[in-house]
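Participant: Sequence first, then the predicted structure:
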Amino acid sequence: MCVDSCVGFTGPYAHLDRCPKCGQPRYDELRSGAKPNSKRSTEKVPRKQFSTMPLGQEIQALFRTPEGAESMAYLSGMMEEVLTKLERHDNLDSFDDISHGSKFWGAYAAGQISSDDVVVALSIDGAQLYRNKKSDCWVYIWVILSLGPDKRYRKRYVLP
């Protein structure tokens, strides 16, 4: 990844040694080259890397057990209750969860979100680690909204 976060050196940029946007070198020129105690090495050390975990496989793992599959059905069950209440009373008594939001149940009623979909939210924040420097650390988590409120914010279910 470019040190200025312009591009990731994958796909069409995988062969490049410099960023096509800002011209920064891809590899650390001081750390690349011969290693101590070796005659010659051409190992290139990237100046910046990005790691992530595939979200799809993490979510699939939650459906491994009958209990997990039942937990993941919380939101679709709530949506059915919300839509039934709206048909009967034309309004909701309380706002207890994301399923009570008009944008959400509107999307569900319009078919943009189905009962088989897994709904997630991305929470992201930057941190300035040193005084008088740009923020150079970003933290993000995926919250699985398909789980009930009793589980969705537990450490086990919040995904990096």
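Facilitator: Sure thing, it's come through. Numbering: from 1, shown residues only.

Participant: can we go C-alpha only for contacts and neighbour counts from here?
Facilitator: Will do.

Participant: Need the residue closest to the centroid of the protein.
Facilitator: In the chain, the centroid-proximal residue (Cα atoms, centre = their mean) is W142; its distance is 4.6 Å.

Participant: Need the per-residue pLDDT for that residue.
Facilitator: W142 is assigned 93 on the pLDDT scale.

Participant: Check T42 too.
Facilitator: The model reports T42 with a pLDDT of 69.

Participant: For the chain, which segments count as strands?
Facilitator: 120-127, 137-144 (DSSP state E).

Participant: and of the ones you listed, who's closest to R156?
Facilitator: Among the strands of the chain, strand 137-144 comes nearest to R156, with 10.7 Å by Cα to Cα.

Participant: Return the distance of the closest one from the chain's centre.
Facilitator: Distance, stretch centre to chain centre, for strand 137-144: 6 Å (Cα atoms, centre = their mean, to the nearest Å).

Participant: can you pull the buried residues of it?
Facilitator: For strand 137-144, burial by neighbour count (16 or more other Cα atoms under 10 Å) applies to 142-144.

Participant: Please work out the angle formed by the directions of that strand and strand 120-127.
Facilitator: 160 degrees (axes from the mean of the first three to the mean of the last three Cα atoms, to 10 degrees).
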